[in-house]
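**Student:** Okay, predicted coordinates and the sequence, questions at the end:
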Amino acid sequence: MSERTVIIASRTGLHARPAALFVKAAADQGVPVKISVGDKKPVPAASMLAVLSLGAEHGTEVTLQAEGPGADEALDSLAALLARDLDAEESTDA
Amino acid sequence: MSELLHRGAVRLDATATGRDDAIRQCGEALVRTGAVDPAYVDTMLERERSVSTYVGEGVAIPHGTLNGKDSVRHDAVSFVRFPDGVTWEDDQQVILCIGIAATGDGHVRLLSELAQILLDPDRARALRETTDIDEVVRLLQPAGEEEPA
């Protein structure tokens, strides 16, 4: 099992556009990825409802997990995505 | 969340001509109960054009953009059910349209609470099937805060 921890960089947290981009990217990976906040149960990163249920705001630390071939590459690319301000691409969006 | 969902913002048997009409009905339910000014509804449509608020399982959670914050008087939720479904992006069928309005950063917490309720199979099914508005109000309370029976 590989893991990455990353701080949510998007100004308005992990919902709307940032969540949509993240969930799509997670679904496009070759391996199932899970995401969790704190001690709470990891949930599928490719499920919008599950990702929204985390309530991850700007500055929240999340943990990504995956295992199997390609897990490290998948986690690296998803962690890099969350470390970017995905709201910056559209300043009027929240 | 019970105080956030006003009985007057619940519709169980609505029909819509399409996505924008469904969102407008969700927004107007929030206007009707005094949670937002009419301008908020336009920002809900604006957001939907920018990014879909479809969350899976036949549910959409429309909400306004950052620019719409000035139109929000207090945090609130509306619940509009379309038994015949409304076609969203990519031909997804939406049955439940849950409008939200929040001041400040309250939307992330609200979305999280709603998502947890919708991920609970029993509560999600009841929200699709109940004919009792009071049950909807009761179901849309955060886990652990249900009133005693």
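**Tutor:** Perfect, thanks for sending it.
**Student:** Just the buried residues of stretch B:46-57, please?
**Tutor:** B:Arg47, B:Glu48, B:Val51, B:Ser52, B:Thr53, B:Tyr54, B:Val55, B:Gly56, B:Glu57 (16 or more other CB atoms under 10 Å in any protein chain shown). Heads up, the C-betas are built off the backbone N, CA and C, glycines and all.
**Student:** What's the per-residue pLDDT of the fourth one here?
**Tutor:** Looking at B:Ser52, its pLDDT reads 92.
**Student:** Would you mind giving the secondary structure of it?
**Tutor:** coil (DSSP: H, G, I helix; E, B strand; the rest coil).
**Student:** distance of it from chain A?
**Tutor:** 7 Å (CB to the nearest CB, to the nearest Å).
**Student:** these two touch, right, that residue and A:Ala20?
**Tutor:** Yes - shown here, B:Ser52 and A:Ala20 form a contact pair, counting by CB atoms under 8 Å, at 6.9 Å.
**Student:** Any idea what A:Ala2 is bridged to?
**Tutor:** Check again: residue A:2 is Ser, not Ala. A:Ala66 (DSSP bridges).
**Student:** Would you mind listing what in chain B touches chain A?
**Tutor:** B:47, B:50-57, B:59, B:61, B:63, B:65-67, B:69, B:105, B:107-109, B:111-116, B:118-119 (CB under 8 Å from any CB of the partner chain).
**Student:** Among the residues you listed, which lie within helices?
**Tutor:** Using DSSP state H, the members of these that fall within helices are B:Arg47, B:Ser50, B:His107, B:Val108, B:Arg109, B:Leu111, B:Ser112, B:Glu113, B:Leu114, B:Ala115, B:Gln116, B:Leu118.
**Student:** want to try JSON lines for those, with distance to B:Asp21 as columns?
**Tutor:** Converted to JSON lines, those look like this (distance: CB to CB, whole Å):
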{"residue": "B:Arg47", "distance to B:Asp21": "16"}
{"residue": "B:Ser50", "distance to B:Asp21": "18"}
{"residue": "B:His107", "distance to B:Asp21": "23"}
{"residue": "B:Val108", "distance to B:Asp21": "27"}
{"residue": "B:Arg109", "distance to B:Asp21": "29"}
{"residue": "B:Leu111", "distance to B:Asp21": "23"}
{"residue": "B:Ser112", "distance to B:Asp21": "28"}
{"residue": "B:Glu113", "distance to B:Asp21": "27"}
{"residue": "B:Leu114", "distance to B:Asp21": "22"}
{"residue": "B:Ala115", "distance to B:Asp21": "25"}
{"residue": "B:Gln116", "distance to B:Asp21": "29"}
{"residue": "B:Leu118", "distance to B:Asp21": "23"}
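**Student:** Lowest-confidence one in those residues?
**Tutor:** Out of those, that is B:His107, at 84.
**Student:** Can I get the lowest-mean-pLDDT helix or strand in chain A in CSV, CA atoms only?
**Tutor:** Ranking every helix and strand in chain A by mean pLDDT, DSSP states H and E puts helix A:16-27 at the bottom, with a mean of 92. Provided in CSV are the C-alpha atoms of helix A:16-27 (Å, rounded to 0.1, in the frame of the first residue of the first chain):
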residue,chain,number,x,y,z
ALA,A,16,-17.4,22.0,-7.3
ARG,A,17,-14.7,22.5,-9.9
PRO,A,18,-11.7,21.2,-7.8
ALA,A,19,-13.7,18.1,-6.8
ALA,A,20,-14.9,17.5,-10.3
LEU,A,21,-11.4,17.7,-11.7
PHE,A,22,-10.0,15.4,-8.9
VAL,A,23,-12.7,12.8,-9.1
LYS,A,24,-12.3,12.6,-12.9
ALA,A,25,-8.6,12.3,-12.6
ALA,A,26,-9.0,9.6,-10.0
ALA,A,27,-11.4,7.6,-12.2
